[in-house]
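Trainee: Curious how this folds, go ahead:
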Amino acid sequence: MAPKSKDKAKPASPASQHLPPIEDLFTTLNKHIQSSAYKNAVKVADQILSIAPGDEDALRCKVVALIKSDKTDGFQEAISTIESSPTSPADFNFLKAYCLYRQNKLNEALESLKRQERSDETMLLESQILYRLGKMEACADNYQKLYKSKIDNLEINSVAGLVMAGRASEVQRALDLLRVKPTSSFELAYNTSCSLIEVNKHTDAEQLLLSARRIGQETLMEDNAADDAIEIELSPIAVQLAYVQQLLGRKQDAMEGYLDIIKRDLADESSIAVAVNNLVSLKGPKDVSDSLKKLDRIKEKEAPSFQLAHGLDLKLSAKQREAIYTNRALLLLHANKLDQARELVSGLPDMFPESVMPILLQAALLVRENRAGRAEEILAQFADKFPEKSKVAYLARAQVAAAAGHPHIAADSLARISDIQHKPATVATLVSLKERAGDIDGAAAVLDSAIKWWSNAMTEDNKLDIIMQEAASFKIRHGREEEAASLYEGLVKSQGSIEAIVGLVTTVARMDVNKAELYEKQLKPLPGLKGIDVDSLEKTSGAKHIEGSVNVSVVEKLEEGKNKTKAKRKRKRKPRYPKGFDPANPGPPPDPERWLPKRERSSYRPKRKDKRAAQVRGSQGSVSRDKQESGASSNNSNPKSNQAAASKGAAHSAASEQTKTSAKSRKKSRN
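Mentor: Numbering: from 1, shown residues only. Here you go, the predicted model:
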């Protein structure tokens, strides 16, 4: 709360009576400011304010010293000093706006600037705030109003604003108005190369980036900057060079460039973040776990979930931040970490309320959870809320619905995008979807509407003939011969192609044969058909095979003629050798038996059989078969004993056979 006005008349406190005169304090304050000793300057300013609480010069010096000091809470202390001052100097609103801007309180900073008188300084700060807010159109317009003012580095910020506003084509005109060349500084060369990238002049952008790196090295070396400081200052150029290589299709070079920047760690935070994001997008779904680890490098360490580091939130644009969060969500979907993806995606609409990307990610997550109906619903809600951005939402809704087997919803989504209704791809997709939904009349109406649009279109690349051809085929397929014949007649009159006449003849022949014959006369006769009697050809049952020498000789002559033509067409080709093979020094010839199985090669030697496998071993106390047989012959007189011996022999024989089989199988498994 500001002090009351009667407090100004209070006598100085006893402590202030021991201070030097106020003139000496101002002299000391000036020395501290000149020597950049801002902490001491703040102390002296406080001493002056203790003697003269309402002194504007001391207040201003204290606020500026707090802004320029390295204190973490210097900006907040400056704001508190401004708000608690008994007087309000004219430029205090500007200083307060600057402090709020540095604290990333952008909307409050704009409000503070509105209370400040309009000047070049306020317009410049306003432009920077608008740039940070992502309002690039207003930012670029502000910079254009400052072209006549003498502000340092105005051209650098102006080009950056035009590029971010999507007006890269106006950069060259702006440079001409400012009377500067793109190579006047390495920062301007870098920003101009970004404009060339936006207009797809990637080769020119690469050359300008190389010039920017060379100019930057020379400039910083003249300023006696350290090698590490030079690399950190030029790191944005290195990242942009890798990005241009990626756009030019040199993906391996781009990947090596990104990895070099990340591993060496000689770059500012924003450049490393952009390099990590571009590398992740270049790798795609390959090695998802490594990509997630790389993104963890740029997140806030103490945050429980993924959140960009505080410094990156201030340095990266909204578009860059959105790209990083989007890639993170896509990687989580590829890794099937749906819980983490759901937690991340749920916070994106609040971070980027006017962007369509959070809604697309929510729809993708719902599709992965087999909730396609809910995905279609949220996409339709976003399209109704933001009609100017509804095109992407409706296209995504159509894709989701078509994949989920909802052709009527997919067709309805495409039909809501008015500016693509006449395009052949859209027409074909709509017709196919309506056919799948059983709406034949609706599909025919789409074709008729497209024909009407192209009939009135005054374009060089007119697609009317293609649309009419496909429409005629569609109507024939669905039994609408009269409409198809009318379309074919229009094609014959407009272009008179053979395909159109053939289509007309085949269509009209089903309804009016005389009319079909009339159009058939416009077709050129095929060669070799004049001597053929069509009536007699229809009466024959077909060609018959005639056996005889004449037929054989004719066949032989035909075969000889074919062989001669084949022999003429043959040409010798040079043999193709494997890579690195020298025909002059071929080396030893390959083994001719290299493709044969090992058992069929001449060098094969089978392993010796184990002699112990032939021995028959029974259970403990068993009797050999020979002894049993001899015992059986000696006891022939006793039938009961013979029967018992025979049964024992049979049992023992079966056991021995089983033992042999198992022994063989064991031996085979050892081989």
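Trainee: what kind of secondary structure is the residue positioned nearest the centre of the chain in?
Mentor: The chain has S281 as the residue nearest its centroid, 5.7 Å off, counting by Cα atoms, centre = their mean. Here S281 is recorded as helix under DSSP: H, G, I helix; E, B strand; the rest coil.
Trainee: Could you measure from it over to L331?
Mentor: Distance, S281 to L331, using Cβ to Cβ, to the nearest Å: 10 Å. No exception for glycine: its C-beta is placed from N, CA and C like everyone else's.
Trainee: Could you do S486 as well?
Mentor: 55 Å.
Trainee: repeat for R250
Mentor: Applying Cβ to Cβ, the value for R250 to L331 is 24 Å.
Trainee: and those two? which has more neighbours close in?
Mentor: L331 (23 against 15; other Cβ atoms under 10 Å).
Trainee: who touches that one in this structure?
Mentor: With contact set as Cβ atoms under 8 Å, 6 or more residues apart in numbering, L331 has these partners: 280, 285, 288, 291-292, 295.
Trainee: Among these, name the least confidently predicted one.
Mentor: By pLDDT, P285 ranks lowest within the contacts of L331, coming in at 88.
Trainee: Skipping its backbone neighbours, what lies nearest that residue in space?
Mentor: H334 (4.5 Å; Cβ to Cβ, 6 or more residues apart in numbering).
Trainee: for R594, helix, strand, or coil?
Mentor: What three-state DSSP gives for R594 is coil.
Trainee: can you pull out the helices in the stretch 201-350 of the chain?
Mentor: Ranges of helices within the stretch 201-350 of the chain are 202-222, 227-233, 235-247, 251-264, 269-283, 288-296, 310-315, 318-334, 338-351, based on DSSP state H, counting those that start in this stretch.
Trainee: Among the ones you listed, which comes closest to G587?
Mentor: Smallest distance to G587 across the helices of the stretch 201-350 of the chain (Cβ to Cβ): 33.5 Å, for helix 251-264.
Trainee: and that closest one with helix 235-247, angle?
Mentor: For helix 251-264 against helix 235-247, the angle by axes from the mean of the first three to the mean of the last three Cα atoms, to 10 degrees is 150 degrees.
Trainee: From the opening residue of stretch 349-369 to its closing one, how far?
Mentor: 20 Å (Cα to Cα, to the nearest Å).
Trainee: what residues does it touch?
Mentor: 318, 321-322, 325-326, 329-330, 333, 338, 341-342, 345, 348, 372, 374-376, 378-379, 382, 386, 389, 392-393, 396-397, 400, 403-404.
Trainee: coming back round to it: mind picking the two most distant members of the contacts of L331?
Mentor: P285 and L295 (14.2 Å).
Trainee: Tell me which of these two has more neighbours.
Mentor: Shown here are P285 and L295; by other Cβ under 10 Å, L295 has more neighbours (21 against 11).
Trainee: so what's the more buried one up against?
Mentor: Neighbour list for L295: 276-277, 280, 306, 324, 327-328, 331 [criterion: Cβ under 8 Å, 6+ apart].
Trainee: redo that, cut-off 6 Å
Mentor: L295 makes contacts with R328, as judged by Cβ atoms under 6 Å, 6 or more residues apart in numbering.
Trainee: Skip the chain neighbours and tell me the closest residue to E499.
Mentor: Q469 (7.5 Å).
Trainee: Average the pLDDT values over stretch 470-482 and round to the nearest integer.
Mentor: Across stretch 470-482, the per-residue pLDDT values average to 84.
Trainee: Oops, could you answer that again for stretch 401-416 instead?
Mentor: Averaged over stretch 401-416, pLDDT sits at 93.
Trainee: Need the distance between the two termini of that stretch.
Mentor: For stretch 401-416, the end-to-end distance is 14 Å (Cα to Cα).
Trainee: List the buried residues of it.
Mentor: 401-402, 404, 406-407, 409-416 (16 or more other Cβ atoms under 10 Å).
Trainee: quick one: I22 from K62, how far?
Mentor: 15 Å.
Trainee: Quick one: low-confidence residue ranges for the protein.
Mentor: Where the chain drops to pLDDT under 70, the residues are 1-19, 87-90, 495-496, 512, 517, 519-521, 524-532, 534, 541-571, 609-671.
Trainee: repeat that with 50
Mentor: In the predicted model, the chain carries pLDDT under 50 at residues 1-17, 548-550, 552, 554-555, 624, 626-671.
Trainee: thought A205 was touching S195?
Mentor: No: because the distance of 8.4 Å does not satisfy Cβ atoms under 6 Å, A205 is recorded as not touching S195.
Trainee: Send me the strand or helix carrying E155 as CSV with only the CA atoms.
Mentor: If you go by DSSP states H and E, E155 is part of helix 154-164. Extracted in CSV, the C-alpha atoms of helix 154-164 (Å, rounded to 0.1, in the frame of the first residue of the first chain):
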residue,chain,number,x,y,z
LEU,A,154,15.6,-3.9,-36.1
GLU,A,155,16.0,-5.8,-39.3
ILE,A,156,16.9,-9.0,-37.4
ASN,A,157,13.7,-8.9,-35.4
SER,A,158,11.6,-7.8,-38.3
VAL,A,159,12.6,-10.7,-40.5
ALA,A,160,12.0,-13.1,-37.6
GLY,A,161,8.5,-11.7,-37.1
LEU,A,162,7.7,-12.0,-40.8
VAL,A,163,8.9,-15.6,-41.0
MET,A,164,6.9,-16.7,-37.9
